[in-house]
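*Asks:* dropping the sequence and predicted coords here.
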Amino acid sequence: MRSASNDAIRSYLALLHRRRATSIAFRTTASSDSPTPPNPLRRADRLPTFSRTHISRRHSSEMATDNLRQLEALMSRLDRDRAVLQRPADTSPRTPNTISTDFNAADKIERHLHADGHRIWGLVVYRCTYSSDAAWETCVQRINASIRKAMDLYNGHDLLREGCFELTAISDATTLDGASTQAVRRHFRDWRARMLHVEQGSQEEIQSRRHEAPPRDWGLPVRYGFCVQVDEDSMRSVIADGGEPWVKLIKGDWEPREATMQQQQQHQQLQQQETEPGSLVESQGAHSDDEADFIDDDEDDEEYPAIEGCTDQDVGWMKVQLVGLMPDLYASLRDPNLWHVQYMRPPEIATA
């Protein structure tokens, strides 16, 4: 930027020098009182002093016009440079005058792709109803339309190009027709284990594309952390002309609280086995009160109506409004804490 400013100053000084030289030449010609000496060799060159002055004035006017145009171009360039210098650091390249880059979902998704070294984003959609192929096609079209409409706000249609955005639809009437969320979750875990390097390339390719992660980035690719389930009810809500369209958003790594508690207990037992006997007693004495409080909190927890046999408050999935699911909620789910912030226990519908 400093080089651009120096070039602009040098151009401006050269322009002033040219204008000064033109002005001096004009004054010298106009103020001459003696006629131009005749040239005995060429009579055609014997022009009156007035004619020479007229030609000089005309030439000076043309040069002044040219210089004025150059000056205007120079000032326009300086204005552009000044605008770049004064632009805030959080300005979005997609929406510089409306939405900052911290709140532009397209910008956030692009930064996440660079940080992960990935090239494809988008949620995987599981078809769990087979009552009507035409209704399913309409449902998929409306999901895509909602994504494109949301990208209008963020000027992010470049992220919807082929090879970058994939709305992967998985259909299998034999295994998925009427499937539970837990069955979909198991299938999704197998799918992501197989498809990560198929979609994103080898580990070497991923590493070569990876950029430095932005501040406060958790590094959890949303495409392989969550999936969407469309059953009969949610499909009907999407294809209906009125009402509130919604789909089921499933958390891939969710486990029931009982299973989570068992995993924690097993982990604590392994830690105790690896600890020396002397320090084990001291450690147990130091943390016994906290552990007791933790157990009491679990025992006092409210028991909720069973959903697919789960009475936990968090059942690992929620109904989410279709509007805003992608890219808004998709970009935010990279933060694992957001699930607990957004979570609404069914049958409530969460806003994206």
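*Replies:* Ah, there it is.

*Asks:* pretty sure Asp312 sits against Trp254.
*Replies:* No - with contact defined as CB atoms under 8 Å, Asp312 and Trp254 do not form a contacting pair (9.6 Å). Using the backbone N, CA and C atoms, a C-beta is placed for each residue, glycine as well.

*Asks:* so where do the strands sit in the chain?
*Replies:* Using DSSP state E, the strands of the chain run over 124-127, 169-171, 226-230, 246-251, 317-321, 349-350.

*Asks:* give me the domain ranges for the chain.
*Replies:* 48-86, 105-258+311-350 (automatic domain parsing).

*Asks:* okay, how far is it across the longest one, tip to tip?
*Replies:* Right, the one you point to is domain 105-258+311-350. Terminal residues of domain 105-258+311-350 are spaced 18 Å apart (CA to CA, to the nearest Å).

*Asks:* show the average pLDDT along that domain.
*Replies:* Throughout domain 105-258+311-350, pLDDT has a mean value of 95.

*Asks:* ok, the shortest one next?
*Replies:* The average pLDDT within domain 48-86 is 67.

*Asks:* gap between Ser100 and Glu244?
*Replies:* 29 Å (CB to CB, to the nearest Å).

*Asks:* count the residues that sit near the closest residue to Asp312 other than its chain neighbours.
*Replies:* Nearest residue to Asp312 in three dimensions, chain neighbours excluded: Arg257, at 4.8 Å (CB to CB, 6 or more residues apart in numbering). The tally of other residues near Arg257 (other CB atoms under 10 Å) stands at 14.

*Asks:* would you confirm that Arg257 contacts Tyr304?
*Replies:* No - using CB under 8 Å, Arg257 is not in contact with Tyr304; the gap is 11.0 Å.

*Asks:* can you list residues touching both of these two?
*Replies:* Common neighbours of Arg257 and Tyr304, counting by CB atoms under 8 Å, 6 or more residues apart in numbering, are Asp312.

*Asks:* show me what contacts the closest residue to Trp136 other than its chain neighbours?
*Replies:* In this structure, Trp136 finds its nearest non-sequential neighbour in Arg127, 6.1 Å apart by CB to CB, 6+ apart. Counting by CB under 8 Å, 6+ apart, Arg127 makes contact with Trp136, Ala169, Ile170, Ser171, Leu176, Val230.

*Asks:* any idea what the last one is bridged to?
*Replies:* Think Val230. Beta-bridge partners of Val230, counted by DSSP bridges, are Arg127.

*Asks:* Cys139 versus Asp133, what's the distance?
*Replies:* The value you get for Asp133 to Cys139, if CB to CB is used, is 11 Å.

*Asks:* hmm, I typed the wrong one, I wanted Met151.
*Replies:* Distance from Met151 to Cys139, by CB to CB: 19 Å.

*Asks:* okay if I get the strands of the chain as a markdown table plus distance to Ser180?
*Replies:* Below are these laid out as a markdown table (distance: least, CB to CB, whole Å):
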| stretch | distance to Ser180 |
| --- | --- |
| strand 124-127 | 11 |
| strand 169-171 | 15 |
| strand 226-230 | 9 |
| strand 246-251 | 10 |
| strand 317-321 | 10 |
| strand 349-350 | 19 |
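
*Asks:* give me the neighbour count for Gln321.
*Replies:* Around Gln321 there are 17 residues (other CB under 10 Å).

*Asks:* show me which of Asp133 and Cys139 is the more surrounded one.
*Replies:* Neighbour count, other CB under 10 Å: between Asp133 and Cys139, Cys139 has more, with 25 against 10.

*Asks:* which residues does the more buried one contact?
*Replies:* With CB under 8 Å, 6+ apart, Cys139 has these contacts: Val230, Met235, Val238, Ile239.

*Asks:* write the PyMOL selection for whichever of the contacts of Arg127 are buried.
*Replies:* The buried subset of those, as determined by 16 or more other CB atoms under 10 Å, is captured in PyMOL by this line:
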select buried, resi 136+170+176+230
